[in-house]
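Participant: A structural model of the following input is requested.
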Amino acid sequence: MNHRRNFIKKTAITSAGIAILPNISLGNSYKKNIEKVKVAVLGVGLRGTNHLNNLLKRDDVLITAICDIDPARITIAQEKIEKAGQKKAKVFGKNDMDYKNMLALKDVDAVVISTPWLWHTRMAVDSMKAGKYTGLEVSAANTLEECWDLVNTHEETGSHLMILENVNYRQDVLAVLNMVKQNLFGELSHFRCGYQHDLRAVKFNDGKQAYGGGVEFGEKGTSEARWR
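Facilitator: Numbers count the residues shown, from 1 in each chain. As a prediction, this is how the structure comes out:
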């Protein structure tokens, strides 16, 4: 348990100062000014496309693969990749498990996961087991068991995982985490937490725009209204 605590402590401190793809975080696998980081984007919906846009702004990154079961989102992603001057990425998404074929690619160094959240832990575990640097969107896990799956996989493989929830690295949140580690509150045995905001425009829309405009959901909705 002490080993696990030290791992969590060191990971939190390190993660606070780096993003998913800075040169320093990629260690020996990235030689500055010699080779570009080859990135796969797993899930190119609204959030995944935002990550894709940011990645395409970097001159040290190549998008080598994209994966999504929605053909319309694949088309949008490919257009953005070509517009940025890169060649089309390899496409995966013929079924829910096709992402595993993407993870088997040798020309993928890192994976950014932005799929519906019930898939996050299993995809991150598979990515780490494939030896990829992994950036994982909200939420990283849905159960305590899944939290340990992420920790255990890192310890078993040595692959790195970056949790992409920016609130985790906010100054006040890190301050409270430091107080916990300094035992300021004593032994903590129970937490009750909340994250309240109006989700009506997120969970219902007109099927065309991501937020609001109608009351469609499921197959008739788009973005999070389709799956959340």
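Participant: Every contact and neighbour count from this point should use C-alpha atoms.
Facilitator: Fine.
Participant: show me where this protein has helices.
Facilitator: For the chain, applying DSSP state H gives helices covering 2-16, 46-56, 71-83, 99-103, 120-129, 144-157, 171-181, 200-203, 224-227.
Participant: elements contacting the last one?
Facilitator: The elements that helix 224-227 packs onto, with contact taken as 3 or more C-alpha pairs under 8 Å, 6 or more residues apart in numbering; DSSP states H and E, are helix 200-203.
Participant: if you average pLDDT over the helix it packs on, what comes out?
Facilitator: Confidence over helix 200-203 (mean pLDDT, whole number) is 94.
Participant: With stretch 114-127 instead?
Facilitator: 97.
Participant: Could you give me the buried positions within it?
Facilitator: 114-117, 119-121, 123-127 (16 or more other C-alpha atoms under 10 Å).
Participant: one step back: now the helices of the chain as a markdown table including distance to Asp109?
Facilitator: Below are those laid out as a markdown table (distance: least, C-alpha to C-alpha, whole Å):
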| stretch | distance to Asp109 |
| --- | --- |
| helix 2-16 | 19 |
| helix 46-56 | 14 |
| helix 71-83 | 18 |
| helix 99-103 | 9 |
| helix 120-129 | 10 |
| helix 144-157 | 15 |
| helix 171-181 | 29 |
| helix 200-203 | 33 |
| helix 224-227 | 28 |
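Participant: for the ones you listed, which one ends up most surrounded?
Facilitator: helix 120-129 (a mean of 22; mean count of other C-alpha atoms under 10 Å).
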